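*Asks:* Below is the sequence, then the predicted model.
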Protein chains: 2
Amino acid sequence: MNSMFENELNYSANKYRTPDGAPTDIVIFTILSKEKNKVKKSLPSRELYVMLIQRNIWPYERKWALPGGFTRETETVYSCAERELKEETGVDLAHLEYFNVYSDPGRDPRGWIISHAFLALVNENVLENRRAAVDASEVRLYTVNEALSLDLAFDHRQILQDALQRIRQRMLTTTIAKEFLPEEFTIGELYQVIQTVVPEFEEKNFIRKITSTQSRKGIIEEVKDRNGSLELSNRYSQRAAQLYRFTDLEPQLSIYS
Amino acid sequence: MNSMFENELNYSANKYRTPDGAPTDIVIFTILSKEKNKVKKSLPSRELYVMLIQRNIWPYERKWALPGGFTRETETVYSCAERELKEETGVDLAHLEYFNVYSDPGRDPRGWIISHAFLALVNENVLENRRAAVDASEVRLYTVNEALSLDLAFDHRQILQDALQRIRQRMLTTTIAKEFLPEEFTIGELYQVIQTVVPEFEEKNFIRKITSTQSRKGIIEEVKDRNGSLELSNRYSQRAAQLYRFTDLEPQLSIYS
DNA sequence: GTAATAGTGTCTTTAAGACATTATATG
DNA sequence: CATATAATGTCTTAAAGACACTATTAC
């Protein structure tokens, strides 16, 4: 079945057992917003969701699992993840990040299968469009807590937990918050997105830290119109708020400075 | 050759090409010290080294490569890396960290081989003992710059570069510096180790930052003897220096606080 | 004394942290 | 005017940054 090592006669034939597959599993996160209050303008409530699919074949038939699939010989595991992400969500350009490999013997009853786990961050707008098109009975968004309370297929509960830890760390140390925000956003929205992913996050003087601290200043900038005057938004508030956008500066953190 | 999917008759036979192996490659870093000055006590000069082995079989015969080997069906890729690390260095308990997967089609002329790259940090004392025992002609420590200037086997130059980037980031955001230091060390040694891995690192008031800043205070602590008086060392200096040790506190960094 | 490393004093500027206050727009 | 969010004022404390200065000990 494996036609390999044909290149060089001298090379010792492959007498070893070889893996039965190198799939990817993708933890696709999104944040859904719900308008809270029709009477007065107010910030929506947001919650973190993860996409699961219900398996219809052995093994773990009927159980919910992470989307994913087998890597082909002609692609990298990253390309495979891109392909699967596109198939499930229709999304081409999302944040897609490799985070771990799962290789416990026995993790898959089909054989010796080493899985490569990715996490993807998808904006709800992009996703909502797609959901209507896809057969909704097999694909669903679950809140992270719901998902963790399910009896997921394979070692997907572990993978989900690891992904969650990773996305929380990334949310605080990189600018991935931008994946969940429009190009231009208010400080309130940014703060809310961070808290949605990292519930224990709290900074009293958030606006000041992010706008006036030397070391952080520069990761976001005020949006101005062509006359140079500041652009405001009152999407979510009575009083219009300053709009910001992320620059392409990535902060360098250090425990020693 | 692959005896799989025997569990369930209904499961569609594995009609797909499967990988020819899932090896690990390990980037083993160490820091070597050279005494600088026999006349006066002074800090040694330190340099970052990486362990390479010279291949003696096809493919890439005679080229230098990262140590590593094929994962077995009965172990995880992490166990495989542990096993290989032990074989090369004799070291059981070192910092060993998975950092990336390499799966470009064609990266290995032997077939479809997906490699899992680890980085290991080993203290020079442990390593020096071992080196005498091992046949030195096939295993060598190269300075990182030397290694990068070699024509390494496979995609190992890329892997080494990625590992280097990762260890630099880890050096500044975690307490892995301890892997290169004795249990008890002086501020001067710590500073030097950081600079060895991250040459551009420079902090004027380093001693004050690390000992008196609220947010950092706590990752290292002064060493005291049983009477509670401070322990000093003059290994490397005329004037004895305070000894410190790492606590088991891991700092949490954030760009938003 | 000189050299080499360790560590402190002092002053200025910047940031953090807490909280009250003001600002703006909606219904 | 009540409400909801945005943003500033003010005061205290902590930390950063610069740099001169003192401390210790081998030779």
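*Replies:* That came in fine, so what should we check first? Numbers count the residues shown, from 1 in each chain, chains lettered A, B, ... in the order given.

*Asks:* going forward, measure contacts and count neighbours with C-alpha atoms only.
*Replies:* Fine.

*Asks:* Contacts only, for residue A:153.
*Replies:* Contacts for residue A:153 were tallied using Cα atoms under 8 Å, 6 or more residues apart in numbering or on different chains; they are A:60, A:63-65.

*Asks:* so where does residue A:160 fall, helix or strand?
*Replies:* Secondary structure from DSSP states H and E places residue A:160 in helix A:156-173.

*Asks:* List the neighbouring strands of the helix or strand that that helix is followed by plus their orientation.
*Replies:* Downstream of helix A:156-173, the next assigned helix or strand under DSSP H and E is strand A:185-186. Sheet pairing of strand A:185-186 (DSSP bridges) gives strand A:241-246 (antiparallel).

*Asks:* buried ones in the strand it pairs with?
*Replies:* A:241-246 (16 or more other Cα atoms under 10 Å in any protein chain shown).

*Asks:* any idea which of the residues you listed is the one closest to residue B:163?
*Replies:* Taking Cα to Cα as the measure, residue B:163 lies nearest residue A:246 of the buried residues of strand A:241-246, at 28.5 Å.

*Asks:* Can you spell out which helices and strands pack onto the longest strand along chain A?
*Replies:* If you go by DSSP state E, chain A has its longest strand at strand A:23-34. Secondary-structure packing of strand A:23-34 (3 or more Cα pairs under 8 Å, 6 or more residues apart in numbering or on different chains; DSSP states H and E): strand A:45-54, strand A:68-70, helix A:77-89, strand A:115-121, helix A:124-133.

*Asks:* May I see those organised as TSV, with mean pLDDT added?
*Replies:* Shown next, in TSV, are the helices and strands packed on strand A:23-34 (pLDDT from 0 to 100):
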stretch	mean pLDDT
strand A:45-54	93
strand A:68-70	95
helix A:77-89	94
strand A:115-121	97
helix A:124-133	67
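
*Asks:* Can you say which of those is packed in most?
*Replies:* The highest average neighbour count among these, using mean count of other Cα atoms under 10 Å in any protein chain shown, belongs to strand A:115-121 at a mean of 24.

*Asks:* Please name every helix or strand in contact with that one.
*Replies:* strand A:23-34, strand A:95-102, helix A:156-173.

*Asks:* Residues contacting stretch A:175-190, please?
*Replies:* A:30-31, A:43, A:94-95, A:121-124, A:170-171, A:193-194, A:207, A:219, A:223, A:233, A:241-246, A:250.

*Asks:* do that again at 6 Å, thanks
*Replies:* A:123, A:243-245 (Cα atoms under 6 Å, 6 or more residues apart in numbering or on different chains).

*Asks:* any weak-confidence spans in the stretch 1-150 of chain A?
*Replies:* Along the stretch 1-150 of chain A, segments meeting pLDDT under 70 span A:1-15, A:36-42, A:128-137.

*Asks:* run the last query once more with 90
*Replies:* A:1-16, A:33-45, A:88-93, A:123-138 (pLDDT under 90).

*Asks:* Make CSV from the contacts of residue A:153 and add secondary structure, neighbour count and distance to DNA strand D to it.
*Replies:* Formatted as CSV, the contacts of residue A:153 follow (DSSP: H, G, I helix; E, B strand; the rest coil; neighbours: other Cα atoms under 10 Å in any protein chain shown; distance: Cα to the nearest atom of the strand, whole Å):
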residue, secondary structure, neighbour count, distance to DNA strand D
A:60, coil, 17, 43
A:63, coil, 18, 38
A:64, strand, 23, 35
A:65, strand, 27, 36
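
*Asks:* Just put those in CSV and tack on distance to DNA strand C.
*Replies:* Output for these, formatted as CSV (distance: Cα to the nearest atom of the strand, whole Å):
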residue, distance to DNA strand C
A:60, 48
A:63, 45
A:64, 42
A:65, 40
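
*Asks:* Check the residues you listed against chain B and report the nearest one.
*Replies:* residue A:60 (12.0 Å; Cα to the nearest Cα).

*Asks:* For that closest one, list the residues it contacts.
*Replies:* Here residue A:60 is in contact with residue A:153 (Cα under 6 Å, 6+ apart).

*Asks:* Torsion angles phi and psi at it?
*Replies:* phi 60, psi 40 (degrees, to the nearest 10).

*Asks:* Quick one: distance of the longest strand of chain A to the chain centre.
*Replies:* Here strand A:23-34 is found 5 Å from its chain centre; the criterion is Cα atoms, centre = their mean, to the nearest Å.

*Asks:* Show me what from the stretch 51-200 of chain A comes close to DNA strand C.
*Replies:* Counting by Cα under 7 Å from any atom of the strand, no position of the stretch 51-200 of chain A is adjacent to DNA strand C.

*Asks:* Which one of the residues in the stretch 51-200 of chain A is closest to DNA strand D?
*Replies:* DNA strand D sits closest to residue A:188 of the stretch 51-200 of chain A, with a gap of 4.2 Å, by Cα to the nearest atom of the strand.

*Asks:* Per-residue pLDDT of that residue, please?
*Replies:* If you check residue A:188, the pLDDT there is 92.

*Asks:* And it, how far from residue A:175?
*Replies:* Computed as Cα to Cα, to the nearest Å, the residue A:188 to residue A:175 distance reads 16 Å.

*Asks:* do the same with residue A:57
*Replies:* 39 Å.

*Asks:* Which one's more surrounded, the two?
*Replies:* residue A:175 (19 against 12; other Cα atoms under 10 Å in any protein chain shown).
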